[in-house]
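Colleague: sharing a model prediction with you, sequence too.
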Amino acid sequence: MGYVYIFGTIFFTVYGQLIIKWRMPNYGHLPDGSIEKIVFLLKLFLDPFILSGFVSAFLASMFWMAAMTKFELSYAYPFMGLTFVIVFLFSTLFMGENFNLYKLIGLSLIVLGIIITSKGY
């Protein structure tokens, strides 16, 4: 059951990151003025999709707390590196973000690190 908690943490973290990035082009850039920044951020917070990203972050935290009851932090935390891999794949496939050899090598090293650290449990 512990791995379900890690998976839930990863799923909700990835969802939150992707949904917020997906919605941001609808609002433009962060303004320079202090009042304008506050208004801008309030508009973002009222967007139902962005709000779902915040809820997703909360759910990820709940799953993480549950995972911490099952695993040592030094074992569970490297799995969070999978969020980088999954976000990269989805942002490349669905958001047209840049794919290059350096990113592929970096993500491969992350996966290798996860495999190596999980063997030490």
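Modeller: Here it is on my side, so go on.
Colleague: need the helices for the chain, in chain order.
Modeller: 2-23, 34-46, 48-68, 73-76, 82-95, 101-119 (DSSP state H).
Colleague: a markdown table for those, including mean neighbour count and mean pLDDT?
Modeller: For the C-beta atoms, the positions are set from N, CA and C on the backbone; glycine is no exception. Formatted as a markdown table, those follow (neighbours: other C-beta atoms under 10 Å; pLDDT from 0 to 100):
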| stretch | mean neighbour count | mean pLDDT |
| --- | --- | --- |
| helix 2-23 | 18 | 97 |
| helix 34-46 | 12 | 94 |
| helix 48-68 | 16 | 97 |
| helix 73-76 | 14 | 90 |
| helix 82-95 | 16 | 94 |
| helix 101-119 | 12 | 91 |
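Colleague: tally of neighbours for residue 70?
Modeller: Counted with other C-beta atoms under 10 Å, residues neighbouring residue 70 total 14.
Colleague: quick check, it in contact with residue 5.
Modeller: Yes. Residue 70 lies in contact with residue 5 (C-beta atoms under 8 Å); the separation is 6.4 Å.
Colleague: quick one: residues contacting the nearest residue to residue 57 once chain neighbours are set aside.
Modeller: Closest residue in space to residue 57, ignoring its immediate chain neighbours: residue 16 at 4.8 Å, by C-beta to C-beta, 6 or more residues apart in numbering. For residue 16, the contact set (C-beta atoms under 8 Å, 6 or more residues apart in numbering) comprises 53-54, 56-57, 60.
Colleague: mind doing that once more with 6 Å?
Modeller: When contacts are counted by C-beta atoms under 6 Å, 6 or more residues apart in numbering, residue 16 touches 53, 56-57.
Colleague: backbone dihedrals for residue 98, both of them.
Modeller: Note on residue 98: backbone dihedrals following degrees, to the nearest 10 are phi -70, psi 130.
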